[in-house]
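Q: From the sequence below, what's the structure:
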Amino acid sequence: MIRTLMICAALSTAPLAAPMMALAEEQPDLFVTVQTDEEFDDVTFAVESAIVAQGLVIDSVSHTGDMLERTKDAVGSEVVLFTGADIYQFCSASVSRAVMEADPMNLRFCPYAIYVFQQPDGAVTVGHRGYVGTMEPVNALLDGIVKEALGLD
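A: Below you'll find the predicted structure:
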């Protein structure tokens, strides 16, 4: 069951650039998240399935939660951040071509990612970075995948 839909936005700052270097169009940092009471493993399976159902190949799955848990003692921490946290990276040839033909600087956003995490005693959160301008087709792709995975269609 879906509990919450949150959209968070904060303006990012442009990196410092050497003289004569063109600055890329600024992209605000936007994140779209949805929370669900479904089990973490069920949600990650649904996200994987929704990505593949779009005809896409998952380039990598980063098991960030496992890494943070495995290394917490080595960095002097006792905090359990996540009971599960994975990041799925993938690309779409058609969507990527469209946004990069509109602006070749959009290359910097590929591959795209959807993250799934659960904190101790919390709901499962599914989300992705949001984009503006010529990157809007990527938002549609990512939103569609999340909606399919969570049965929001």
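
Q: how close does the closest residue to E39 other than its chain neighbours get to K72?
A: Closest residue to E39 apart from its sequence neighbours, by C-beta to C-beta, 6 or more residues apart in numbering: V124 at 7.4 Å. Heads up, the C-betas are built off the backbone N, CA and C, glycines and all. According to C-beta to C-beta, to the nearest Å, V124 and K72 sit 21 Å apart.

Q: Pick out whichever of these two has more residues nearby.
A: A count of neighbours by other C-beta atoms under 10 Å puts V124 above the other of V124 and K72, at 23 against 14.

Q: Low-confidence bits of the chain, can you list those?
A: Scanning the chain for pLDDT under 70 picks out 1-28.

Q: Can you show me the helices along it?
A: For the chain, applying DSSP state H gives helices covering 40-53, 64-71, 93-102, 136-150.

Q: Make CSV out of those and add mean neighbour count.
A: Output for the helices of the chain, formatted as CSV (neighbours: other C-beta atoms under 10 Å):
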stretch, mean neighbour count
helix 40-53, 18
helix 64-71, 14
helix 93-102, 15
helix 136-150, 19
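
Q: could you redo the ones you listed as CSV and give each row distance to Y115?
A: What follows is those, written out as CSV (distance: least, C-beta to C-beta, whole Å):
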stretch, distance to Y115
helix 40-53, 9
helix 64-71, 8
helix 93-102, 19
helix 136-150, 10
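
Q: quick one: which of the ones you listed is nearest L30?
A: Nearest of the helices of the chain to L30, taken as C-beta to C-beta: helix 136-150 at 8.7 Å.

Q: Which neighbouring elements make contact with that closest one?
A: Based on contacts counted as 3 or more C-beta pairs under 8 Å, 6 or more residues apart in numbering; DSSP states H and E, the elements that helix 136-150 packs against are strand 29-36, helix 40-53, helix 93-102, strand 112-118, strand 124-130.

Q: With that, I have no additional questions.
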